[in-house]
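What shape does this take:
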Amino acid sequence: MRESAELVGARAELDVIASLARLPDEYTVFSDIRLSAERYIHFNGAALRSAQIDHLVLTPAGVFVIETKRWSRKFVESGDYHDPFDQTQRAAYLCYDQLRRQFGKIRVRSIVACAGQLPFAPKNSHVKVLAVPELIGYILWFKQPELAPDRLLQVRPYLERFVTA
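The predicted model follows:
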């Protein structure tokens, strides 16, 4: 019996949640974030006001926006999907913009956690593509603190407002 695309995607997201649970205690993981701005902003020539984020990790080194994909080769070859690189960059930019307005500049990095196939990334993409087991090492690699503990305590409740689950 074939599993639905939704079930396959949900399992991939659960795998990412399980992986991110191994991060240190001072890292905060949010899942199923729905960001919305009071006004439209422009990103890559398009209006942007809202974004759904699978996972967001708040760390002393900044914020990581993670989109999870578990696509089959057949699905990728069909071309019938929204560009995951653009989707992730747009979400990260909206997150950056919202945080900047509230707290000043906070670095936001973009990741696609891939548990299957992806199309090729555009040349100008700033999205890091990682297999799920690579997530922890990549996030922990950023050691330079950019957010003081008191700033983390301010940002955390702000981001919690956008959690939908």
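
Past the lengthiest strand in the chain, which element shows up next along the chain?
Taking DSSP state E as the criterion, the chain has its longest strand at strand 28-43. Going down the chain from strand 28-43, the next helix or strand is strand 46-59, by DSSP states H and E.

What's the mean pLDDT across the longest strand of the chain?
The average of the pLDDT scores along strand 28-43 is 92.

by how many degrees do the longest helix anywhere in the chain and strand 28-43 diverge?
Longest helix in the chain by number of residues (criterion: DSSP state H): helix 84-103. Using axes from the mean of the first three to the mean of the last three CA atoms, to 10 degrees, the inter-axis angle of helix 84-103 relative to strand 28-43 is 100 degrees.

ok, back up a step: mind listing what's buried in the longest strand of the chain?
Under the neighbour-count criterion of 16 or more other CB atoms under 10 Å, strand 28-43 has 28-31, 33, 35, 43 buried. In short, each C-beta sits where N, CA and C put it, glycine included.

Just checking, which helix or strand of the chain averages the lowest pLDDT?
helix 73-78 (a mean of 52; mean pLDDT, DSSP states H and E).

Please compute how far stretch 135-145 lies from its chain's middle.
Centroid separation between stretch 135-145 and its chain, computed with CA atoms, centre = their mean, to the nearest Å, is 15 Å.

buried sites along that stretch?
Quick answer for stretch 135-145 (16+ other CB under 10 Å): 135-136, 139.

Identify the residues contacting it?
16, 19-20, 22-24, 27, 57, 59-62, 64, 66, 109, 111, 113, 128, 130 (CB atoms under 8 Å, 6 or more residues apart in numbering).

Of those residues, just the buried ones, ChimeraX syntax please.
Selection of buried members from these for ChimeraX, criterion 16+ other CB under 10 Å:
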select :16,19,20,23,27,57,59,60,61,62,64,66,109,111,113,128,130
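
just checking, which of the contacts of stretch 135-145 belong to strands?
57, 59, 62, 64, 66, 109, 111, 113, 128, 130.

mind giving me a markdown table with those and columns for pLDDT and distance to Ala51?
Output for those, formatted as a markdown table (pLDDT from 0 to 100; distance: CB to CB, whole Å):
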| residue | pLDDT | distance to Ala51 |
| --- | --- | --- |
| Val57 | 97 | 16 |
| Thr59 | 97 | 20 |
| Gly62 | 97 | 17 |
| Phe64 | 98 | 15 |
| Ile66 | 94 | 13 |
| Arg109 | 96 | 15 |
| Ile111 | 93 | 15 |
| Ala113 | 86 | 17 |
| Lys128 | 86 | 18 |
| Leu130 | 84 | 20 |
